[in-house]
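Trainee: could you look at this predicted model? Sequence included:
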Amino acid sequence: MAEEDCQEESLFAAPPLAEQERMVEAVLFASADPVTIADLAGRMPHGCDPKAAVELLQKRYEGRGVRVVRVGEAWAIRTAPDLGFLMQKETTETRKLSRAAIETLAIIAYHQPCTRAEIEEIRGVSVSRGTLDQLIELEWIRFGRRRMSPGRPVTYVVTSTFLDHFGLETARDLPGVKELRAAGLLESRPMPGLDEERDEDEHQDDLFEDEA
Amino acid sequence: MAEEDCQEESLFAAPPLAEQERMVEAVLFASADPVTIADLAGRMPHGCDPKAAVELLQKRYEGRGVRVVRVGEAWAIRTAPDLGFLMQKETTETRKLSRAAIETLAIIAYHQPCTRAEIEEIRGVSVSRGTLDQLIELEWIRFGRRRMSPGRPVTYVVTSTFLDHFGLETARDLPGVKELRAAGLLESRPMPGLDEERDEDEHQDDLFEDEA
Amino acid sequence: MADPDQFDINDILTVEERLAAEALIVDVDGFEGPLDLLLQLSRTQKVDLMKISILHLAQQYLLFVEKAKELRIELAADYLVMAAWLAFLKSRLLLPPDPTDDGPSGEELAAHLAFQLQRLEAMRESAAKLMARDQKGRDFFARGIPEAVQRLRNVTYTASLLDLMQAYARVRTKDEFRPFVLDREAILSMEQALEKLRYLIPYAVEWADLSSYLPEGWELDPKKRRSATAATFAASLELAKQGQIEIRQGGTFEPIQIKARQIRTPRRENG
């Protein structure tokens, strides 16, 4: 009789607390959601004390790479906050500016201050708001003075960040059309009727109007 | 000068191994899939020794509710198999594989890289496309190199997903592989009288080709 | 059991064989090919596969095929191929070796079959051991709340001064990506100018500006004018050298004039 009691006890006795801690560890690790104490109790063998086991586990993980944290009424394993940087992979991607963007930028640089309508006239294509926004975001262009013409359109000018990036002291350092041609960048002839000499002079004139 | 040296050192020295162990712990806990040493190295600060840190971590988790296990060239944390009974909620019902699929899988695992003709020779029956497709879909097998024999047939090899699923470190740890090899049962023996061009040597060399 | 055919067959077999046969017949669809069937049959020998009697096994197999035929069970072709091969093997094993035949001996073939059976059985057992292992998602588990690595992608846009200048050049010229061809349209070659002058010289008895000898229309376009002037000037020098014309210029930047050289005219200008 006594022997039977003993057997029965060992059959139904709760596992040692260290074993319960192992169980909690496995459940918290594998569960897709934070686990409540009640849920733990439901999963673990009868007579277990999940709360005590969780607290033991929490102590064990103090100072480790992951921590046992309380999320509302439930418990979960989470990365230690100081190691959050390991969960981020920073990649820096360098991309070439789109053709529309570089052309718009070039026109602004050579013709600043320059309105959107003027950019469109020179490019012969409309300029999307996004292209200008991108250049503004890059801090390569900014708004200049409004033009004193009907509608008072905003103008764009290049910034000192632009000059920095392109290694220029001033926008005056940008080579003129003649130099571009000498450098072989202007192989083809200009459009008929486009008097480049005059164009260049005129361009030199308003190019260096003081920035606002 | 001495001060500067010291500063520089502290700036570039790798964190202490204990700290590296924490980092590996955090990364392995965060990932459901095994993480390669190379991936760990890429995420940890420069100069770390992730392999040493992983091995330290593996020791630390011996006997715990979760374990640090090796899967091919990668490492993962998995719950201890004796606690599987707690995880009824997490258990994923895997489609029951047909006998043909199970045998085909075993033949590929033990004989890899293995051609379809070889699987058929061992089983004495043709292997349906569907069986191989099912195993490929489970990501347990993949195509290996083509065999350098007439027709250049494709070969099949097991994947690291397979190793992970069956808790194997490498294909060398397949149950009974040593005994089978010793008994000559993993050899490819042509039927007497059939002058089959079997590149048996190459085949044996390839058997435990490291997984990509 | 009411089937008279079956009764007949059963009659000629021992009880043990009959039971085995019935099991086989019930399972005929369950076999995974002839090798699998042979492996099953070999089990009835209750010996290690290493010591199995291939001859006996061949007989068992042939008997099985025989029975299946009588029961009008359609066997797949590969079962029949195997039966033919086993009948051949059986004869090789039973008959004394034919010295003129240099093919493999019956023993060699039997050994190979034994190897195949052992190998198949080994793979069966290995497959069972593999499936009995702890499996992920059943016995052990991966992280339930994986923390995905956040990919912070910083995109930096870049452009070089060259890109900028090229872009501007492109905008300014508007004919980007035009294949490079020499524009001959606005260029007058010296040969062309010479041709024209030669034709006109006989009529040039009076001094006249070189510019009046430019091709028609070329004086209007500045670019054409420049080219035509240069070519015509060069051509005139050539003609002067040949002694066909005379050239004069009143002073620096004054118009250049030419006229045909009169043979009899005293060489005033040349002197």
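Mentor: Received it, and whenever you're ready, just let me know what you need.

Trainee: next one: phi and psi at residue A:69?
Mentor: For residue A:69, the backbone dihedrals are phi -120, psi 150 (criterion: degrees, to the nearest 10).

Trainee: select the longest strand from chain A.
Mentor: Scanning chain A for the strand with the most residues, using DSSP state E, yields strand A:88-96.

Trainee: that one vs chain B: in contact?
Mentor: Yes. Judged by C-beta under 8 Å from any C-beta of the partner chain, strand A:88-96 and chain B are in contact via residue A:89. C-beta coordinates here come from the backbone N, C-alpha and C atoms, glycine included.

Trainee: that strand vs chain C: in contact?
Mentor: Yes. Applying C-beta under 8 Å from any C-beta, one finds strand A:88-96 in contact with chain C at A:88-96.

Trainee: and these as JSON lines, adding pLDDT and neighbour count?
Mentor: Putting the residues of strand A:88-96 next to chain C into JSON lines (pLDDT from 0 to 100; neighbours: other C-beta atoms under 10 Å in any protein chain shown) gives the following:
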{"residue": "A:88", "pLDDT": "78", "neighbour count": "11"}
{"residue": "A:89", "pLDDT": "75", "neighbour count": "14"}
{"residue": "A:90", "pLDDT": "70", "neighbour count": "10"}
{"residue": "A:91", "pLDDT": "73", "neighbour count": "9"}
{"residue": "A:92", "pLDDT": "75", "neighbour count": "9"}
{"residue": "A:93", "pLDDT": "77", "neighbour count": "9"}
{"residue": "A:94", "pLDDT": "80", "neighbour count": "9"}
{"residue": "A:95", "pLDDT": "82", "neighbour count": "10"}
{"residue": "A:96", "pLDDT": "84", "neighbour count": "12"}
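
Trainee: re earlier: for the helix or strand just after the longest strand of chain A, buried residues please.
Mentor: With elements assigned by DSSP states H and E, the helix or strand that comes after strand A:88-96 is helix A:99-111. Under the neighbour-count criterion of 16 or more other C-beta atoms under 10 Å in any protein chain shown, helix A:99-111 has A:100-111 buried.

Trainee: tell me which of these is nearest to residue A:67?
Mentor: Of all the buried residues of helix A:99-111, residue A:101 has the smallest distance to residue A:67: 46.2 Å, by C-beta to C-beta.

Trainee: that closest one reaches residue A:134, doesn't it?
Mentor: Yes. With contact defined as C-beta atoms under 8 Å, residue A:101 counts as touching residue A:134 (5.8 Å).

Trainee: anything in contact with each of the two?
Mentor: Residues touching both residue A:101 and residue A:134 (C-beta atoms under 8 Å, 6 or more residues apart in numbering or on different chains) are residue C:157.

Trainee: tell me where chain A has strands.
Mentor: A:35-36, A:66-71, A:74-79, A:88-96, A:114-115, A:141-143, A:155-158.

Trainee: so does the second one get close to chain B?
Mentor: In this case it means strand A:66-71. Yes. Interface with chain B: strand A:66-71 contributes residue A:66 (C-beta under 8 Å from any C-beta).

Trainee: which other helices and strands does the longest strand of chain A contact?
Mentor: Using 3 or more C-beta pairs under 8 Å, 6 or more residues apart in numbering or on different chains; DSSP states H and E, the elements in contact with strand A:88-96 are strand C:150-158.

Trainee: just for chain C, where's the confidence low?
Mentor: C:1-30, C:174-185, C:199, C:262-271 (pLDDT under 70).

Trainee: what residues does it put near chain A?
Mentor: Counting by C-beta under 8 Å from any C-beta, the residues of chain C lying close to chain A are C:141-145, C:147-161, C:163-175, C:178, C:180, C:183.

Trainee: can you narrow those residues to ones near chain B?
Mentor: Restricting the residues of chain C next to chain A to those within reach of chain B (C-beta under 8 Å from any C-beta) leaves C:141-144, C:147, C:149.
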